[in-house]
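Q: fold the following, please.
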Amino acid sequence: MPQHVFASVEEVLHRLADFFVAQASQSVAARGRFSVALSGGSSPKKLYELLASPAYREQVPWAETFFFFSDERNVPPTDAQSNYLMAKKALLTPLSIADDHVFAVNTLLPPAEAAQAYTQTIKSFFGGETAQFDLVLLGLGDNSHTASLFPHTNVLHATTADAQAVFVAEVDAYRITFTAPLINQARAVAFLVFGTDKAAAVRRVRLGERNIEEYPAQLIAPAAGEADWFMDEAAAAELER
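A: This next block holds a predicted model:
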């Protein structure tokens with residue numbers, strides 16, 4: 001897994017933004033569009049704000065970019081915990097992204113129905129061909145989860161490339177998530193991880209013995225190549241021990 005370690009969070013964000021620009025440009029040149037699955041949480045919010053800033057907003061072919069979500073909380077789209085709402089405020093609205101370029105999970109449906117509907121949305125977008133996103137952005141929890149692939153949940157054993165509902169006991173809530181097989185079909189996968197609180201999880205996922213029940217992010221192994229990890233020195237601190 002290629003790792004890109006930088007001294008500051010700001011540099012991590014800029015280098016991942018550069019990676020995003022490159023993937024977008026290559027995808028549009030090759031296929032006429034760029035499909036990206038966004039991640040939620042506070043870390044990617046900083047990335048999205050940077051991409052929408054004057055430094056980057058003119059570098060990406062936004063009119064040919066289509067947005068999905070690798071996971072979503074089972075809350076209304078107006079809820080403060082919604083990954084869609086965060087991305088909308090940080091990235092989509094500032095860039096005036098057209099509504100038909102954004103594919104959010106319909107969380108007004110029951111979780112299982114929402115996941116089934118999202119799977120169909122993805123299949124329709126790819127026209128019956130393999131659902132191969134150009135880029136999937138991921139984070140890493142301090143418990144080694146990524147997307148909503150949490151430790152000791154049934155979705156860890158999914159064998160189908162789709163979206164599934166999962167009840168996460170530790171947060172006492174349902175989530176809708178891409179399965180690992182769907183993520184692993186992507187042309188590129190990038191992790192964004194920073195902060196000392198993530199160092200132990202980074203070490204477990206990258207250097208620990210394979211144990212997907214405890215370290216679900218170990219499931220991420222893109223068929224097209226290795227995932228790229230963008231980290232600051234604090235998050236990577238335990239890799240050299």
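
Q: buried sites along stretch 64-76?
A: With burial defined by 16 or more other Cβ atoms under 10 Å, the residues of stretch 64-76 counted as buried are 65-75. C-beta coordinates here come from the backbone N, C-alpha and C atoms, glycine included.

Q: among the residues you listed, which pair sits farthest apart?
A: Farthest-apart pair in the buried residues of stretch 64-76 is 65 and 74; separation 26.4 Å (Cβ to Cβ).

Q: for the buried residues of stretch 64-76, which one is nearest residue 224?
A: For the buried residues of stretch 64-76, the nearest to residue 224 is residue 70 (16.3 Å; Cβ to Cβ).

Q: how about the strands in this protein?
A: 3-6, 34-38, 65-69, 71-73, 135-138, 163-168, 173-178, 189-193, 228-232 (DSSP state E).

Q: show me what the shortest one is packed against.
A: The reference is to strand 71-73. Judged by 3 or more Cβ pairs under 8 Å, 6 or more residues apart in numbering; DSSP states H and E, strand 71-73 is in contact with helix 83-87, strand 173-178.

Q: and among the ones you listed, the most buried is which?
A: Mean neighbour count (mean count of other Cβ atoms under 10 Å) peaks for strand 173-178 among the helices and strands packed on strand 71-73, with a mean of 26.

Q: ok, residues contacting stretch 25-33?
A: Stretch 25-33 is contacted from outside by 34-35, 60-61, 64-66, 134-135, 187, using Cβ atoms under 8 Å, 6 or more residues apart in numbering.

Q: the protein: helices as residue ranges?
A: With DSSP state H, the ranges of helices along the chain come out as 9-31, 42-51, 83-87, 111-125, 180-184, 199-207.

Q: including distance to residue 239, could these go into a markdown table?
A: Formatted as a markdown table, these follow (distance: least, Cβ to Cβ, whole Å):
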| stretch | distance to residue 239 |
| --- | --- |
| helix 9-31 | 15 |
| helix 42-51 | 18 |
| helix 83-87 | 28 |
| helix 111-125 | 34 |
| helix 180-184 | 22 |
| helix 199-207 | 6 |
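
Q: run a quick neighbour tally on residue 179.
A: 24 (other Cβ atoms under 10 Å).

Q: need the contact list for the nearest residue to it once chain neighbours are set aside.
A: Residue nearest to residue 179 in three dimensions, not counting chain neighbours: residue 158, with 3.9 Å by Cβ to Cβ, 6 or more residues apart in numbering. By Cβ under 8 Å, 6+ apart, the contact set of residue 158 is 164, 179-181.

Q: got the end-to-end distance for stretch 140-157?
A: 19 Å (Cα to Cα, to the nearest Å).

Q: what's the answer for stretch 180-188, then?
A: 14 Å.
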